[in-house]
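[1] attaching a predicted model along with its sequence, questions to come.
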Amino acid sequence: MMKDQFDQRLMAFLHKRIEPFTIDTILEFLETPLNSQNRETLSGYLLYNQFAYVNLSDDGRGEYWITRAGLFTGKKLLIRPSTQEVARGILIPGSRLVPFVNPALLPHELSFVSGSRTLHRTPVLMSTASLYSLYRFFGEEYTPQFLALDNEKNRELFSENDYVDPEECTVMAVDMKDVYWKDTFSPGDLIQATVVDWYRGIVNLSVLPASRIHKRRQKEWMRLLEESLVNVFELFGPGASMEEQLSFAFYLDQSLLDNPDAAPLNDFIDWSEKTGIEPYGVESRLWYRDTEIPAQGTWNMAIVSAPANPAEESFMQLGLPVSNYIIDAYILDFLFRRETAVRDLLDRLVPIHDTSPSFTPPAIERFVTQRLSRFGEHYNWFADHEQGMLRNRFVILHNALTVFILHLQNAGIRPNRIPDQGAVVLGQIMAHTISALEILSTTETPDAGEMESLWLSVEGMEESFFETKTSIQEVLPGLMKKRFSVIKEGENPDE
């Protein structure tokens, strides 16, 4: 598909571009007309997805952009290896290089060098509990998945126990014997990591002697990072992940980068009294320490910031969580179900029937009909069977989430009035469901490991949705009563 090719070229530019660029630079690279509409669309897309950051030029009249690759390539961060790691001659990357490295790469996919030497991986058996602090910036909730993906042995170990932690597991650690022992590593020394190739995940490791570490200036660096993170909370909120929050913090205060007085991020989070890792629905985020992260104020579920066509624009205006990829997933599910009534497909995509039964905006109906005709020419039910069953589960979940959230919206219940971060949990389940459907929006089968992970995910998400929906329904009468009492006092109704 043309859009797939366009997206691939755009990602290639953003992942490999190191020098600052203008919007016109990237439009020329994409062979797209230089006009105000395209500039606005692309700017909105980059801002919404945090793939690049914008700076005003020195004269304040223009703007230039920098990718994450450009922001972090050549920059240094510090790691404090544990006594156990030094004794065993290893280093476990975990999340200790977040946010400096490419987030598309898993820890075991990073490559390490020391000067001209390639540092190889070696399997080490560790207690699972001792590994959690090394993966903390991925979130405690995702650590079992990262450990399971580290190697084939772990994948089998965790899946056998439905991702319940075993007492011990094996991780592919970096063999640091040459670095620790040949470079005479001493207690108090740190490991300095320099990002050599952001896109490919190549990092150079060297020893930073304790004699070059200035505690007072290091605390000042941590104070500046703390201040920058508070700015992130105010400007950006909890964001999509801790990795995004940290990346934005370093962008906001670039004096933190390549600073000789930097501190390891694990040291920072233990030191900071203002910021900490806090629960956010079923996930974790950086936030004000010991403070609940508030839910957003509205239910708008739209996931498209820069519509690629009239159908996406219609879904955005309706506030529905549907993009081209989601449309394709629903169409493939329609074919998998062997249905013939297109109205059923349209009603699932646009489940808004309160005022006009079975109404679909013409732009959506026309686009869906065209895509259905194209997919229907080559669809093979037998070849799609396994993937089709999985896709069907996610489509059902996506539709059920949409319908329930619309029900809450129409009832005038705002997300931030639902206790126990119930609205946050719904949003997170929706986000993961959308990611899964984007993977399953073609008939090309993901690899076996990804399919296994998706099957485990859908079961957990269905259970989480049922529990969250039930708990919200139990408090809904009380929320409705409070809402009507507020309206009686003269406040405008919600939504």
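    Happy to help now that I have it. It should be emphasised that the depicted structure is a prediction, and the values quoted were computed from it without experimental measurement.

[2] low-confidence regions, the stretch 351-495 of the chain specifically.
    Across the stretch 351-495 of the chain, the ranges flagged by pLDDT under 70 are 353-359, 483-495.

[3] make it 80
    Low-confidence segments of the stretch 351-495 of the chain (pLDDT under 80): 353-360, 449, 481-495.

[4] listing request: residues of the stretch 201-350 of the chain with sub-threshold pLDDT.
    Using pLDDT under 80, the flagged stretches of the stretch 201-350 of the chain are 296-297, 300, 302-308.

[5] that one: strands as residue ranges?
    Using DSSP state E, counting those that start in this stretch, the strands of the stretch 201-350 of the chain run over 202-208, 275-280, 283-288.

[6] strand partners (parallel or antiparallel) of the longest one?
    Here strand 202-208 is paired, per DSSP bridges, with strand 111-114 (parallel), strand 190-197 (antiparallel).

[7] please identify the deepest-packed of the strands of the stretch 201-350 of the chain.
    Using mean count of other CB atoms under 10 Å, the stretch among the strands of the stretch 201-350 of the chain with the largest mean neighbour count is strand 283-288, at a mean of 22. C-beta: built from backbone N, CA, C; applies to glycine.

[8] who touches it?
    Applying CB atoms under 8 Å, 6 or more residues apart in numbering, the external contacts of strand 283-288 come out as 139-142, 229-230, 232-233, 238-239, 241-242, 245-246, 269, 274-278, 280, 293, 428.

[9] mind checking which of these are buried?
    139, 229-230, 232-233, 238-239, 241-242, 245-246, 269, 275-278, 280, 293, 428 (16 or more other CB atoms under 10 Å).

[10] filter these down to the ones in helices?
    229, 230, 232, 233, 242, 245, 246, 269, 428 (DSSP state H).

[11] farthest pair within these?
    Pairwise distances across these peak at 23.4 Å for 230 and 428 (criterion: CB to CB).

[12] tally of neighbours for the nearest residue to residue 315 once chain neighbours are set aside?
    The spatially closest residue to residue 315, leaving aside those adjacent along the chain, is residue 322, at 4.2 Å (CB to CB, 6 or more residues apart in numbering). Neighbour count of residue 322, defined by other CB atoms under 10 Å: 26.

[13] burial of residue 33, as a residue count?
    Close neighbours of residue 33, defined as other CB under 10 Å, add up to 10.

[14] buried set for the host helix or strand of residue 37?
    Residue 37 belongs to helix 36-49 when assigned by DSSP states H and E. Judged by neighbour count using 16+ other CB under 10 Å, the buried positions of helix 36-49 are 38, 39, 41, 42, 43, 45, 46.

[15] same thing with stretch 380-396?
    Buried residues in stretch 380-396, counted by 16+ other CB under 10 Å: 384, 387, 388, 390, 391, 392, 393, 394, 395.

[16] list the contacts of residue 397.
    With contacts defined as CB under 8 Å, 6+ apart, the neighbours of residue 397 are 429, 433, 458, 461, 462, 465.

[17] make a markdown table from these and add secondary structure and neighbour count to it.
    Converted to a markdown table, the contacts of residue 397 look like this (DSSP: H, G, I helix; E, B strand; the rest coil; neighbours: other CB atoms under 10 Å):
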| residue | secondary structure | neighbour count |
| --- | --- | --- |
| 429 | helix | 23 |
| 433 | helix | 27 |
| 458 | helix | 20 |
| 461 | helix | 21 |
| 462 | helix | 17 |
| 465 | helix | 19 |
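
[18] of those, which is the nearest to residue 416?
    Lowest distance from residue 416 to the contacts of residue 397 (CB to CB) belongs to residue 429, with 17.8 Å.

[19] can you verify residue 179 is assigned to a strand?
    No: counting by DSSP: H, G, I helix; E, B strand; the rest coil, residue 179 is not found in a strand; it is helix.

[20] residue ranges of the helices in the stretch 51-200 of the chain, please?
    Ranges of helices in the stretch 51-200 of the chain, per DSSP state H, counting those that start in this stretch, are 68-72, 83-88, 128-131, 143-150, 152-160, 177.

[21] among these, which comes closest to residue 411?
    Across the helices of the stretch 51-200 of the chain (criterion: CB to CB), the nearest stretch is helix 143-150, sitting at 35.0 Å.

[22] mind giving me the packing neighbours of the closest one?
    In terms of contacts (3 or more CB pairs under 8 Å, 6 or more residues apart in numbering; DSSP states H and E), helix 143-150 is packed against helix 128-131, helix 152-160, strand 168-175, helix 448-488.

[23] thinking again about what came up before, and the strands of the stretch 201-350 of the chain as a markdown table, adding distance to residue 178?
    Shown next, in a markdown table, are these (distance: least, CB to CB, whole Å):
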| stretch | distance to residue 178 |
| --- | --- |
| strand 202-208 | 10 |
| strand 275-280 | 34 |
| strand 283-288 | 35 |
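
[24] quick one: closest of those to residue 70.
    strand 202-208 (15.9 Å).

[25] and the closest one with strand 168-175, angle?
    Strand 202-208 and strand 168-175 are oriented at 80 degrees to each other (axes from the mean of the first three to the mean of the last three CA atoms, to 10 degrees).

[26] start the count at 178 instead of 1 going forward.
    Sure, I'll start counting at 178 from here, so that last one is strand 379-385.

[27] who's in contact with strand 379-385?
    Against strand 379-385 from outside (CB under 8 Å, 6+ apart): 255, 268, 274, 278, 287-292, 296, 351, 353, 356-357, 360-362, 366-373.

[28] looking at the helices of the stretch 228-377 of the chain, which is closest to residue 387?
    For the helices of the stretch 228-377 of the chain, the distance to residue 387 is smallest for helix 260-265, at 13.0 Å, taking CB to CB.

[29] tell me how many other residues crowd the closest residue to residue 564 other than its chain neighbours.
    If the residues on either side of it in the chain are set aside, residue 564 comes closest to residue 622, at 5.2 Å by CB to CB, 6+ apart. Residues near residue 622, counting by other CB under 10 Å, number 14.

[30] tell me the SS of residue 622?
    Three-state call for residue 622 (three-state DSSP): coil.

[31] can you report how many residues lie near the nearest residue to residue 586 once chain neighbours are set aside?
    Sequence neighbours aside, residue 476 is the residue nearest to residue 586 in space, at 4.2 Å (criterion: CB to CB, 6+ apart). When counting by other CB under 10 Å, one arrives at 20 neighbours for residue 476.

[32] next one: residue 476 from residue 317, what distance?
    The gap separating residue 476 from residue 317 is 28 Å, by CB to CB, to the nearest Å.

[33] same thing with residue 576?
    Distance, residue 576 to residue 317, using CB to CB: 30 Å.
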